[in-house]
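Requesting a structural model of the entry that follows:
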Amino acid sequence: MIDSNPIKSIGQSRFQKLSTKKQDVRLIAFYLTQYHPIPENDQWWGKGFTEWTNVTKAAPLFDGHYQPHLPTDFGFYDLRVRETRHDQIRTAKQYGIDGFCYHYYWFSGTRILHHPLDDMLSDQESDMPFCLCWANENWTRRWDAAEKDILIKQHHLPDDDLNFIKSLIPFFSDSRYIRLDGAPFFIVYRPQNLPHPRRTSRLWRDYCKSIGIERIHICAALTHGNEDYAQFDFDSGVEFPPHNLQVYNISSQIAFHKPFRGNVVTYRDVAQSYLDRSRRNQNVFKGVFPCWDNTARTNDRALIILNSTPDNYEYWLCEVIRKTLEDFPDQERFVFINAWNEWAEGCHLEPDRRYQRQFLDATLRVKTGCSKSQKFDTFDVSSLLAEQKRTFVGDLRAIIDYHSAFFLGRLRLWVKRHPRIRSFMRKISMIWICKVR
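The predicted model follows:
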């Protein structure tokens with residue numbers, strides 16, 4: 001049973017004076033629906049595949065690496081179960097989350113992972129405000145949205161613009177749908193993939209107006225190098241950390257258990273780089289993440305963010321809300337949290353075995369103006385550093401040594417299983433020893 005008042009008064013903070021204004025800033029958490037089997041995933045990955053399949057297979061890549069991330073309070077849930085979603089909603093609202101932004105998978109009329117979303121829409125007991133983010137990218141076997149190993153492709157056909165916006169109308173019409181200044185708010189994850197984004201956005205607005213929705217608010221996710229929402233004739237942009245990284249990769253300094261091709265950075269560096277970005281005169285909603293490590297999905301190609309702790313998350317969220325209130329006084333604003341439940345990306349507010357509810361506690365402290373967080377924690381990377389700097393020759397020697405030892409071990413085992421060959425090898429060995437002497 002979750003305490004109905006988990007955060008008691010813990011004194012004044014530098015944000016206390018802003019607490020009355022915090023109601024103008026709504027916290028919206030991105031929400032993944034890939035926690036139930038679907039025929040497509042059964043075909044692509046094997047019967048019964050869900051997000052938990054990858055999560056439970058993750059393993060540490062170096063000493064001190066926190067993997068796997070495993071859930072506690074909600075367990076390995078199935079989103080086809082309404083009670084699970086009700087429990088998530090109660091907990092999220094209790095800890096200061098004002099809404100969910102569901103990832104919406106639409107491929108030229110084909111929808112994927114839609115059952116929990118559709119059931120939520122028909123279930124008025126799922127009383128959480130929500131909006132949608134169209135994940136308009138390819139699904140690939142490498143989880144990279146590229147043009148290779150495609151499982152299902154975004155074709156962007158001539159009729160897709162109209163058919164897509166029509167598919168959103170049942171959601172826009174729901175009383176729980178999130179609006180900004182009266183306009184239904186939705187996000188396009190990769191607007192740069194649209195063949196004619198300005199024409200598309202104009203068609204979307206015209207269609208909605210023709211059926212009585214006077215205005216819609218179209219927001220561009222700032223992902224995959226895109227930093228400019230205005231080029232698409234969209235209304236705003238939203239930060240989507242850790243996309244568009246501007247920090248140094250320190251993976252070459254870490255003693256990995258096996259060759260690693262990904263990136264390792266520190267939480268403080270990532271968060272500070274976002275706080276330092278100047279977006280003057282731009283209508284950009286800020287974003288944060290509690291933690292990030294997508295080893296479960298990409299293994300040796302992962303992005304690992306070290307020191308992703310509740311304390312660091314709390315300070316980043318504090319600063320983001322402070323800046324939002326300063327930059328947009330007396331306006332209704334959103335701050336997006338990536339994410340509520342991206343478990344395979346090591347990115348979740350939901351309680352896990354290491355931190356329990358600490359990320360949720362931090363969220364509530366910030367939301368209620370009770371945070372005392374003053375700075376990012378420093379992190380000593382020395383315990384993870386390789387004793388010597390890695391080189392190509394050194395890595396090649398290590399690979400040769402490993403495979404040589406493996407081959408010799410297999411050879412010895414094979415010889416032991418064949419007594420005649422073993423006897424012959426002993427005779428050869430004795431003859432060689434006698435000659436040396």
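
quick one, helices of the stretch 301-437 of the chain?
Under the criterion DSSP state H, counting those that start in this stretch, the stretch 301-437 of the chain contains helices at 310-327, 358-367, 392-416, 419-436.

Comparing these, which yields the minimum mean pLDDT?
Sorting the helices of the stretch 301-437 of the chain by mean pLDDT places helix 419-436 lowest, at a mean of 61.

Name the single longest strand found in the chain.
Taking DSSP state E as the criterion, the chain has its longest strand at strand 99-107.

now that strand, how far from the chain's geometric center?
14 Å (C-alpha atoms, centre = their mean, to the nearest Å).

And stretch 278-297, what's buried?
By neighbour count on 16 or more other C-beta atoms under 10 Å, the buried set for stretch 278-297 is 283-297. All C-beta atoms are positioned from the backbone trio N, CA, C, and that covers glycine.

Where does pLDDT dip in this structure?
For the chain, the stretches with pLDDT under 70 are 1-23, 144-147, 385-391, 394, 398, 401-402, 404-419, 422-423, 425-437.

For burial, what's the neighbour tally of L151?
Close neighbours of L151, defined as other C-beta atoms under 10 Å, add up to 16.

name the element it belongs to?
Using DSSP states H and E, L151 maps to strand 150-152.

Figure out the length between the terminal residues of stretch 245-265.
The first residue of stretch 245-265 is 10 Å away from its last residue (C-alpha to C-alpha, to the nearest Å).

now swap in stretch 288-308 and tell me
First-to-last residue span, stretch 288-308, C-alpha to C-alpha: 12 Å.

and the residue nearest to K47 when sequence neighbours are not counted, helix, strand or coil?
Leaving aside its chain neighbours, K47 sits nearest to P37 (7.8 Å; criterion: C-beta to C-beta, 6 or more residues apart in numbering). Counting by DSSP: H, G, I helix; E, B strand; the rest coil, the backbone at P37 sits in coil.

isn't P37 right next to T50, touching?
Yes - using C-beta atoms under 8 Å, P37 makes contact with T50 at a distance of 6.0 Å.

ok so, going back, could you point out which element follows the strand holding L151?
Taking DSSP H and E, what comes next after strand 150-152 is helix 160-172.

Counting by contacts, list what that following helix packs against.
strand 99-107, strand 130-134, strand 183-188, helix 197-210 (3 or more C-beta pairs under 8 Å, 6 or more residues apart in numbering; DSSP states H and E).

Mean neighbour count added to the ones you listed, as TSV?
Converted to TSV, those look like this (neighbours: other C-beta atoms under 10 Å):
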stretch	mean neighbour count
strand 99-107	22
strand 130-134	22
strand 183-188	23
helix 197-210	16
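
wait, which of the ones you listed is closest to L70?
When these are compared by C-beta to C-beta, strand 99-107 sits nearest L70, at 22.1 Å.

Pairing partners for the closest one, with directions?
strand 25-31 (parallel), strand 110-112 (antiparallel), strand 130-134 (parallel) (DSSP bridges).

Would you mind putting the CA coordinates of the longest one into PDB?
The reference is to strand 25-31. Extracted C-alpha coordinates of strand 25-31, given in PDB (Å, rounded to 0.1, in the frame of the first residue of the first chain):
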ATOM      1  CA  VAL A  25       3.900  24.000 -15.100                       C
ATOM      2  CA  ARG A  26       2.500  20.600 -15.800                       C
ATOM      3  CA  LEU A  27       4.700  17.500 -15.600                       C
ATOM      4  CA  ILE A  28       4.000  15.100 -18.500                       C
ATOM      5  CA  ALA A  29       5.800  11.700 -18.700                       C
ATOM      6  CA  PHE A  30       6.300   9.800 -21.900                       C
ATOM      7  CA  TYR A  31       4.700   6.400 -21.700                       C
END
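
ok, L117 - contacts?
Contact partners of L117, counting by C-beta atoms under 8 Å, 6 or more residues apart in numbering, are 33, 102, 104.

Now it: which helix or strand?
helix 115-122.

Dump that helix to PDB, restricted to CA.
The C-alpha atoms that make up helix 115-122 are tabulated as PDB, following Å, rounded to 0.1, in the frame of the first residue of the first chain:
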ATOM      1  CA  HIS A 115      -4.500  -2.200 -27.300                       C
ATOM      2  CA  PRO A 116      -3.600  -0.400 -24.000                       C
ATOM      3  CA  LEU A 117      -4.200   3.000 -25.600                       C
ATOM      4  CA  ASP A 118      -7.600   2.100 -27.000                       C
ATOM      5  CA  ASP A 119      -8.700   0.400 -23.800                       C
ATOM      6  CA  MET A 120      -7.600   3.500 -21.800                       C
ATOM      7  CA  LEU A 121      -9.800   5.600 -24.200                       C
ATOM      8  CA  SER A 122     -12.800   3.500 -23.500                       C
END
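
the inter-axis angle of that helix versus strand 130-134?
140 degrees (axes from the mean of the first three to the mean of the last three C-alpha atoms, to 10 degrees).

burial measure for K375, as a count.
Per other C-beta under 10 Å, the neighbour tally for K375 reads 10.

looking at it, it is touching Y315, isn't it?
Yes - counting by C-beta under 8 Å, K375 touches Y315, with 6.3 Å between them.

how much space between Y274 and Y355?
Distance, Y274 to Y355, using C-beta to C-beta, to the nearest Å: 22 Å.

Mind checking the helices and strands packed on helix 160-172 for the one nearest to L360?
Among these, strand 99-107 sits nearest to L360 (C-beta to C-beta), with 14.4 Å.

what's that closest one in contact with?
So strand 99-107 is in contact with 26-33, 92, 111-114, 117, 120, 128-136, 152-155, 164, 167-168, 178, 187, 189, 336, 340, going by C-beta under 8 Å, 6+ apart.

Which of those are buried? Put it as a PyMOL command.
In PyMOL, this line selects whichever of the contacts of strand 99-107 come out buried by 16+ other C-beta under 10 Å:
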select buried, resi 26+27+28+29+30+31+32+33+92+112+113+114+117+120+128+129+130+131+132+133+134+135+136+154+164+167+168+178+187+189+336+340
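
that older thread, the strand holding L151 pairs with which strands, parallel or anti?
By DSSP bridges, strand 150-152 pairs with strand 139-140 (antiparallel).

Centre of the chain to the strand it pairs with, how far?
16 Å.

now do stretch 26-41
11 Å.

distance between the ends of it?
Using C-alpha to C-alpha, first and last residues of stretch 26-41 are 34 Å apart.

try stretch 136-155
From its first residue to its last, stretch 136-155 covers 10 Å (C-alpha to C-alpha).

How far does that stretch sit from its chain's centre?
In this view, stretch 136-155 has its centroid 17 Å away from the chain centroid, taken as C-alpha atoms, centre = their mean.

Thanks a lot, catch you later.
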